[in-house]
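*Asks:* Just to be clear, the model below is a prediction. Sequence and coordinates:
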Amino acid sequence: MHTPTVTVTVIALCYNHERFVLDCLENIRAQTFQDFELIVIDDCSRDHSPQVIANWLAQHYPAARFIRHEVNRGICASLNEALALAQGAYVSMTATDDTWLPHKLESQVALAQSLDADTAVIYADAGQMDEAGELLPKPFIEAHGVTEPPQGRIFSMLANGNFIPAMATLIRRDALEAVGGYDERLNYEDYDMWLRLADRYAFAFQPEVVAHYRIVATSVVRTVFAQPSAWYHHSNFLIRQKWLRSGRLTRQQRTLWVDKMWWAAYGLFVLDDRRAASCLWLAFRHSGRPRAAVLALASRLGVSRARLMRLRRAVTGMTRSARPDFKPE
């Protein structure tokens, strides 16, 4: 672990945020607390984001580190790269299509420094806004189904679903390092990290809005969840696999997580992914669903979902034609 030389490391991660990145950077510059270093990563944007960032940093923050990827490495690898360079006692991260209120860092650092070493994460709420910056009716946490945000040891509640706005958090860097950083096999970073931190540390809730989360049709979150890729399905599978064997889940949570594990494995099968067979077999072992075993065997034999559907239609047609009352159209 690096000895802290500043209080906070701010990590700003950009991917095709040309329209919004200046708002984000200006809100970082406007923080009332200034004892921070800034690391900006552009993860191979296809728009003009890198040049916009470079120009702004040259004018306003030449001491910042700017990392430009020539290939897209994903959120988790990008964050680990930044963490390897971080010098702050705390880390605060944001996507560059989101924004912070001016008191975000000051208020969270003050709260963090008042708490004992068992607390690793400070989290607050975030307002939700559209692409034009207009605030939406529900803040982030309420929109994710939580009306009374918990604090302390919150693993059990987190296991029901993620409700923590990543851009509204402050995290102890030594805690991030203690749990091994971000899992680079995953294509989204926050839920897995919250669970791993909550397994070992306490969380403190700051009951106010300190950031604005922008809902953008082309954002990573929107594209990942609206058009799930094999990487997304496998990420879901791996997260469920980790905790199903941990003994930390209640019986009801295990039932829910086994179901999500099955659907993640099935998603891989639908996309004809090479990992489908092994994932379906593990899903069968956890769930006991015969269908998972059948599909695992089909995948192992190289039989795709499309081929299975054709076989099913053919068998259904043969069965119907064999009925005495069958009349072809």
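*Replies:* Great, that's in hand. Residues are numbered from 1 along each chain as shown.

*Asks:* Mind listing residues that contact the strand or helix carrying Tyr90?
*Replies:* Using DSSP states H and E, Tyr90 sits in strand 88-95. Outside strand 88-95, the residues that touch it by CB atoms under 8 Å, 6 or more residues apart in numbering are 4-15, 17, 24, 28, 36-37, 79, 83, 100, 104-105, 108-109, 112, 166-167, 169-174, 176, 211, 219-220. C-beta here means a position set from N, CA and C on the backbone, and glycine is covered the same way.

*Asks:* likewise stretch 129-144?
*Replies:* 19, 23, 125-128, 149, 161-165, 168, 209, 212-217.

*Asks:* quick one on the thing from earlier: partner strands of the strand holding Tyr90, parallel or antiparallel?
*Replies:* Here strand 88-95 has these sheet partners by DSSP bridges: strand 6-14 (parallel), strand 169-172 (antiparallel).

*Asks:* Show the pLDDT at Gln227.
*Replies:* What the model reports for Gln227 is a pLDDT of 66.

*Asks:* actually Leu158, not the one I typed
*Replies:* 97.

*Asks:* So which residues of the stretch 101-250 of the chain form helices?
*Replies:* 104-113, 140-143, 155-158, 173-178, 190-198, 220-226, 230-244 (DSSP state H, counting those that start in this stretch).

*Asks:* Mind giving me the packing neighbours of the longest one?
*Replies:* Helix 230-244 makes packing contacts with helix 190-198, helix 251-270, helix 276-287 when contacts are defined by 3 or more CB pairs under 8 Å, 6 or more residues apart in numbering; DSSP states H and E.

*Asks:* Confidence-wise, which helix or strand of this protein is lowest on average?
*Replies:* Here the helix or strand of the chain ranked lowest by mean pLDDT, DSSP states H and E is helix 220-226, holding a mean of 51.

*Asks:* Confirm that Val71 sits in a helix.
*Replies:* No: membership of Val71 in a helix is not supported by DSSP: H, G, I helix; E, B strand; the rest coil, which gives coil.

*Asks:* Where does pLDDT dip in this protein?
*Replies:* Along the chain, segments meeting pLDDT under 70 span 1, 218-227, 305-329.

*Asks:* okay, now Arg65: neighbour count?
*Replies:* Using other CB atoms under 10 Å, Arg65 is surrounded by 16 other residues.

*Asks:* My error: substitute Val91 in the last question.
*Replies:* 23.

*Asks:* Touching, Leu105 and Phe33? I think so.
*Replies:* Yes: the pair Leu105 and Phe33 passes the contact test of CB atoms under 8 Å, sitting 4.1 Å apart.
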